[in-house]
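# attaching a predicted model along with its sequence, questions to come.
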Amino acid sequence: MSLRGSLVLAVPLLALSVVPLGMAPARAQLAQAPADNLNLRYANGIVAIAEDHIVTVDDVRREIGPLVPEIQKQSRNEQEFNEKLEALQEDVVQNLIDRVLIVKDFYSDEKRRVPASYVDNAVAETIITQFDGDRSKFLAYLRSRGISQKDYRKEQEEDMIYGYMRQQKAKSASTISPVKIEAFYAENKDRYQQEDSVHLRLIQVTRATEDTDETLRGKAATIVTELATGVDFGEVARKYSQDSRKGKGGDWGWQRRPDLRKEFSDVIFTLEKGQRSEPLIMPEGAFIFYVEDRKHAGILPLDEVRPEIEKQLVQQGSRQATERWLEKLRRNAYVKHF
């Protein structure tokens with residue numbers, strides 16, 4: 001039987017203990033019914049065998065359980081919930097199989113060992129963080145799973161190996177040459193096209209009922225006079241501005257031309273970094289603009305985007321290196337799906 005086929009059957013099993021949000025009781029009962037068939041379909045609850053290790057339905061349940069509430073939140077109905085759950089199970093089963101193969105690969109080098117003290121610390125931390133430091137609760141948990149302390153220590157050890165080996169493979173692709181970065185930039189310049197934008201601050205004087213354009217100009221002139229003395233624009237904005245960003249010194253962050261009213265953008269985009277406008281009189285009040293920084297339209301220079309490109313290439317290389325490694329392990333392993 002294919003892996004996907006086995007997962008389709010496994011979905012209803014999890015529905016026994018989890019009912020998607022919004023599912024009526026009658027529908028929940030219907031969702032539970034196929035679970036009995038699953039128990040019959042899987043001999044002894046076995047999902048797969050990887051090398052000499054058995055992957056059980058309980059293993060899959062235990063991995064998926066903590067993730068189910070989030071799937072519930074994301075699902076609009078029962079069908080979508082089951083589809084998401086099925087896709088998740090497929091990934092979980094593959095990860096459990098990969099875990100077995102990775103642990104075997106780790107121990108293929110006789111020099112590799114996990115110090116017992118590392119496992120001791122992991123178990124101690126688990127008791128503290130998950131069982132409130134109560135060892136009796138921890139032992140009760142082990143009994144509920146039908147495993148011994150030795151079994152649990154082995155799980156912890158394998159968790160460490162799984163994380164370590166994947167991390168090492170990812171690190172193997174962490175060095176990207178300048179030539180690769182430059183080539184990627186040359187081939188993808190369109191990605192780094194930027195629009196004309198400004199880091200904008202403004203001071204707004206709201207028009208009162210009795211204000212004429214002349215009285216507004218007078219109020220704005222008082223502010224301009226203070227700015228002309230060299231006082232920080234943000235400080236003056238906190239003192240006089242009547243807009244919602246007054247507390248932030250009139251800081252509106254980065255703004256593109258299309259984001260602004262045309263009356264505003266026609267004034268603002270005549271300014272360069274460090275320049276302020278004369279008061280603009282509008283029906284709702286007077287506005288004084290200050291361009292704290294400016295980016296002109298065009299392709300960003302390589303030096304500005306180099307860190308972003310390097311990060312992207314490292315992530316891509318890490319994924320590819322890890323996948324090549326896993327594919328090799330899978331080709332050389334005995335794996336049987338039920």
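Okay, I see it.

# what about stretch 264-273, how long is it end to end?
End-to-end distance of stretch 264-273 (CA to CA, to the nearest Å): 16 Å.

# list the buried residues for it?
By 16 or more other CB atoms under 10 Å, the buried positions in stretch 264-273 come out as Phe264, Ser265, Val267, Ile268, Phe269, Leu271. No exception for glycine: its C-beta is placed from N, CA and C like everyone else's.

# check stretch 297-315 too.
Leu302, Val305, Ile309, Glu310, Gln312, Leu313, Val314.

# kindly report the same for stretch 222-238.
By 16+ other CB under 10 Å, the buried positions in stretch 222-238 come out as Ile223, Val224, Leu227, Phe233, Gly234, Val236, Ala237, Arg238.

# quick one on the thing from earlier: any chance of the buried residues of stretch 297-315 in TSV, plus secondary structure and distance to Glu210?
Output for the buried residues of stretch 297-315, formatted as TSV (DSSP: H, G, I helix; E, B strand; the rest coil; distance: CB to CB, whole Å):
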residue	secondary structure	distance to Glu210
Leu302	helix	57
Val305	helix	53
Ile309	helix	58
Glu310	helix	60
Gln312	helix	58
Leu313	helix	63
Val314	helix	63
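
# now, which of the residues you listed sits nearest Arg62?
Closest approach to Arg62 among those (CB to CB): Val314, at 32.5 Å.

# can you get me a residue count around the closest residue to Ser148 other than its chain neighbours?
Once flanking residues are discounted, Ser148 sits nearest to Leu142: 6.9 Å by CB to CB, 6 or more residues apart in numbering. As a burial measure, Leu142 scores 13 neighbours (other CB atoms under 10 Å).

# and for Gly285?
By other CB under 10 Å, the residues close to Gly285 number 20.

# got it, and Arg112?
With other CB under 10 Å as criterion, Arg112 counts 12.

# that one in helix, strand or coil?
At Arg112, secondary structure determined by DSSP: H, G, I helix; E, B strand; the rest coil is coil.

# so the closest residue to it other than its chain neighbours, which of the three states?
The spatial neighbour of Arg112 that comes closest, neighbours along the chain excluded (CB to CB, 6+ apart), is Phe106 at 5.5 Å. Following three-state DSSP, we place Phe106 in the helix state.

# and Phe106, what's its pLDDT?
Looking at Phe106, its pLDDT stands at 94.

# now swap in Pro69 and tell me
What the model reports for Pro69 is a pLDDT of 89.

# what is the burial count for it?
By other CB under 10 Å, the residues close to Pro69 number 11.

# how close does it get to Arg76?
The gap separating Pro69 from Arg76 is 15 Å, by CB to CB, to the nearest Å.

# please, which helix or strand holds the residue in the chain sticking out farthest from the centre?
For the chain, the residue at maximal distance from the C-alpha centroid (CA atoms, centre = their mean) is Glu214, at 53.1 Å. Here Glu214, judged by DSSP states H and E, is contained in helix 213-228.
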